[in-house]
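Engineer: heads up, no residue letters with this:
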């Protein structure tokens, strides 16, 4: 992991901007979930978003992927506005995400889970499948091969015909990332990938995140609770509390920021 | 693998061919009286409706109670075409077919037009498509039928009567199925945005609307030949076993092939977790409408088959209570199992309308709605996943691709597992 201090300032850096969020605000009725959230992520960066429970981190992801429509603010991906687009179009533009509480298609096989994410790239129409045309058979073969390649990367190739819900927790987490990668993203949003993992599994996960970033040339934006993961792999970090950004900077800077310490430790002390 | 697939396909086709021949021989030899023929045809029709509902509910997770509405639309449309045809009137044939073609063309145009805008409101989309349909049928009635109606009639009558009859019947079935599909598309645009329970209520409402309209076809609608609540008589009895078999097999094969494709997987994913499916880049709204339309086309086709077997249509056949039959059948057979639906669909009609009606004393009719729920209750308690669960016979089962023979250059992140043997 190389530190890239130049990524922090908006004035420097040759990398093109991938994701630009400006003044993002979202209310659930009168509850303010996110307020004036701004962040700029450049290509190839690995950025963390941390904050105590209920700080609004997952809401930010939901706003980016079009699950909610923000009350105010702008989200631009490679210069194109995302606000108001349906989720599936945002995903097809090259943004993929995983979920905090795993949302696999639990009754389908491991391979199906990945194949489903390839659906927008299926390359054949309804008529091809009804007539079982050659195009259907060829594309289907390619889709299966590509899914199997992905599964192999995640060490799941032997489990391809198992029911996804029957996998152990750690493998389900891996499968979720594999499935997200099948949508062929450039920007990957990971929502608490380390939730429920032990330190050893977190080490493996860190390795995995680095590996997929290099292999798929991804920009990664991740929400996380576990300091061990965030502090070790993120190039820079944004900290949220009560829907607002309270700090941003490199891991060591954030770690020593008094506001961050208060947000985390202060609350824990009260508890 | 391929070998296995081919084998299951071959045995399935051989098995179906055998069923076709046996029943055809029984009919030709006069061993199967018209009553039992009717029961089998009826079973096929109900099974087709149920398969459509299973695609919508069992495989895509959208709870629809409206399938009998589409069944009715298909039945009355096809019946009207042939009814008029045997009375030397080709107008229904020309209007329905050309109207459907034009409406579909206009709808394609409307979708292409609306695709340029982001965030088109559902009602706008509905309105545009509705206008496209109305315009299509308006043109068909006012301009196409007066111009080509006569020549279509003469051209078809120039053929031998047996041939022209089969052609008209074919287009009557297609017309009924297509119209059911168009109506389901229009209805599905606004309604499929609703969640499961609300969708159920809305589609039940649709069945009731259709029933009420059918009760008043001669007063509210300009179709005196349908005779409203008195029932439509004088439909030619054209349904013969080959038509039933071909329609049924078409439904089974189309459904199987869709379910085995990427579209089918997308539908399954919507059933499993709609939000997650949407966030995997699947256009869930369009996929749900697609399943709804295909299921309704199946129902419309079944309607045409049923109408020309019974040669009589009455609105009560499509009323509130019978509209639950497909739902009971797919729950009984297993949600998400084509095999279960096919078995239960035939079993249902053969048992309840065939065996029990013949061998039970008079007055059983009144007890049926006591027995149905009791049987259903017992089923739900003893075997909630349905008779077949999710089991499929080999040909209908989605293939499990074999494990990979060789590893690619991709370095596994974890310690590589020992290579598995290649599955056959």
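Structural biologist: Here it is on my side, so go on. Just so we're clear, the structure is a prediction, and the values are computed from it rather than from any experiment. Numbers count the residues shown, from 1 in each chain, chains lettered A, B, ... in the order given.
Engineer: Nearest residue to the closest residue to chain B within chain A in space, ignoring adjacent ones along the chain?
Structural biologist: Residue nearest to chain B within chain A: residue A:129 (3.2 Å; C-beta to the nearest C-beta). Quick note: C-beta positions are derived from backbone N, CA and C, even for glycine. Leaving aside its sequence neighbours, residue A:129 sits nearest to residue B:261 (C-beta to C-beta, 6 or more residues apart in numbering or on different chains; 3.2 Å).
Engineer: domains of chain A?
Structural biologist: With domains defined by automatic domain parsing, chain A comprises A:13-94+A:185-271, A:107-181.
Engineer: Would you mind confirming that the residue nearest to residue A:129 makes contact with residue A:133?
Structural biologist: No - proximity of residue B:261 to residue A:133 does not meet the contact threshold set by C-beta atoms under 8 Å, at 10.6 Å.
Engineer: any residues in contact with both of those two?
Structural biologist: Residues touching both residue B:261 and residue A:133 (C-beta atoms under 8 Å, 6 or more residues apart in numbering or on different chains) are residue A:124.
Engineer: More neighbours: these two, which one.
Structural biologist: Using other C-beta atoms under 10 Å in any protein chain shown as the criterion, residue B:261 and residue A:133 rank with residue B:261 on top: 24 against 14.
Engineer: show me where chain A has helices.
Structural biologist: Applying DSSP state H to chain A gives helices spanning A:57-64, A:87-92, A:110-117, A:126-131, A:134-153, A:169-182, A:199-216, A:227-233, A:251-255, A:258-261, A:267-270.
Engineer: right, so these: which one is the most enclosed?
Structural biologist: Mean neighbours per residue, mean count of other C-beta atoms under 10 Å in any protein chain shown, is largest over the helices of chain A for helix A:110-117, with a mean of 27.
Engineer: Need the pLDDT of the nearest residue to residue A:98 once chain neighbours are set aside.
Structural biologist: Distances taken as C-beta to C-beta, 6+ apart place residue A:176 nearest to residue A:98, at 4.6 Å, with adjacent residues excluded. We have a pLDDT of 93 for residue A:176.
Engineer: I'd like to know how far the nearest residue to residue A:143 once chain neighbours are set aside sits from residue B:326.
Structural biologist: Using C-beta to C-beta, 6+ apart and skipping the chain neighbours, the partner closest in space to residue A:143 is residue A:118 (5.1 Å). As judged by C-beta to C-beta, to the nearest Å, residue A:118 and residue B:326 stand 33 Å apart.
Engineer: which of these two has more neighbours?
Structural biologist: residue B:326 (31 against 24).
Engineer: what's the helix or strand for the more buried one?
Structural biologist: helix B:325-333 (DSSP states H and E).
Engineer: what packs against that helix?
Structural biologist: helix B:34-53, helix B:67-85, helix B:338-349, helix B:364-382 (3 or more C-beta pairs under 8 Å, 6 or more residues apart in numbering or on different chains; DSSP states H and E).
Engineer: so for stretch B:120-129, what's the average pLDDT?
Structural biologist: For stretch B:120-129, mean pLDDT rounds to 91.
Engineer: Same question for stretch A:19-33.
Structural biologist: Rounded mean pLDDT across stretch A:19-33 is 91.
Engineer: Repeat that for stretch A:242-257.
Structural biologist: Averaged over stretch A:242-257, pLDDT sits at 86.
Engineer: which SSE is the residue nearest to residue B:88 when sequence neighbours are not counted in?
Structural biologist: Among residues not flanking residue B:88 along the chain, residue B:153 sits closest, at 7.5 Å (C-beta to C-beta, 6+ apart). Secondary-structure assignment from DSSP H and E places residue B:153 in helix B:145-158.
Engineer: which parts of that helix are buried?
Structural biologist: By neighbour count on 16 or more other C-beta atoms under 10 Å in any protein chain shown, the buried set for helix B:145-158 is B:145, B:149, B:152-153, B:156.
Engineer: tilt between that helix and helix B:67-85?
Structural biologist: For helix B:145-158 against helix B:67-85, the angle by axes from the mean of the first three to the mean of the last three C-alpha atoms, to 10 degrees is 70 degrees.
Engineer: Now do the same for helix B:145-158: mean pLDDT, whole number.
Structural biologist: 90.
Engineer: Over to stretch B:212-227?
Structural biologist: Stretch B:212-227 comes out at a mean pLDDT of 90.
Engineer: and that stretch, how far apart are its ends?
Structural biologist: Taking C-alpha to C-alpha, to the nearest Å, stretch B:212-227 runs 13 Å from one end to the other.
Engineer: Stretch A:160-172 now?
Structural biologist: For stretch A:160-172, the first-to-last residue distance is 12 Å (C-alpha to C-alpha).
Engineer: same question, stretch B:394-401
Structural biologist: Start and end residues of stretch B:394-401 are separated by 14 Å (C-alpha to C-alpha).
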